[in-house]
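Undergrad: Quick check, what structure comes out for this input:
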Amino acid sequence: MERIKWGNLTFVYNENNIASVYSFETISYINLAFFKGTLLPNPKRLLEGTGKGIRHVKIHSEKNINKKQIIWIKEAIKLNAKR
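TA: Numbering: from 1, shown residues only. Reported below is the predicted structural model:
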């Protein structure tokens, strides 16, 4: 389910925040952030961030999206289903 939270498009599963899409006027890309990103597989170190939980990937264009990265969304849903 999609919702607007904190002014950003946020994806929710079982009432838990899964991911959010956000950007700023001063940058030329969007971020796809995962709320439990530190628990997601990240072998190529594409997820960025230093906080306790959230990690994000920068998307500069449609061509920048690797279809294999969609696995993160499925994994993020699984993490919240175990809760």
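Undergrad: and the lowest-mean-pLDDT helix or strand in the chain, what does it pack onto?
TA: Least confident helix or strand of the chain, by mean pLDDT, DSSP states H and E, is helix 71-81 with a mean of 80. Helices and strands touching helix 71-81, by 3 or more Cβ pairs under 8 Å, 6 or more residues apart in numbering; DSSP states H and E, are strand 8-13, strand 16-22. C-beta coordinates here come from the backbone N, C-alpha and C atoms, glycine included.
Undergrad: Who are the contact partners of the nearest residue to Gly37 once chain neighbours are set aside?
TA: Taking Cβ to Cβ, 6 or more residues apart in numbering as the measure, Gly37 lies nearest to Arg55, with 2.6 Å between them; neighbours along the chain are not counted. Arg55 makes contact with Ala33, Phe34, Gly37, Thr38, Leu40, Asn42, Leu47, Glu48, Gly49 under the criterion Cβ atoms under 8 Å, 6 or more residues apart in numbering.
Undergrad: and Arg55, bridged to which residues?
TA: Using DSSP bridges, the bridge partners assigned to Arg55 are Phe34.
Undergrad: what stretches of the protein score poorly on pLDDT?
TA: Per-residue confidence of the chain (counting by pLDDT under 70) places the weak regions at 67-69, 82-83.
Undergrad: again, only using 90
TA: Residues of the chain that meet the criterion pLDDT under 90 lie in 1, 13-16, 22-30, 41-46, 58-83.
Undergrad: Name the residue most distant from the centre of it?
TA: Outermost residue of the chain with respect to the C-alpha centroid, by Cα atoms, centre = their mean, is Thr26; its distance is 20.0 Å.
Undergrad: That residue looks like it's in a helix, true?
TA: No - using DSSP: H, G, I helix; E, B strand; the rest coil, the assignment for Thr26 is coil, not a helix.
Undergrad: Now Asn14: closest residue in space, sequence neighbours ignored.
TA: With sequence-adjacent residues excluded and distances taken as Cβ to Cβ, 6+ apart, Asn14 is closest to Asn80, at 5.9 Å.
Undergrad: Quick check: that neighbour vs Met1, distance?
TA: With the distance defined as Cβ to Cβ, to the nearest Å, Asn80 ends up 12 Å from Met1.
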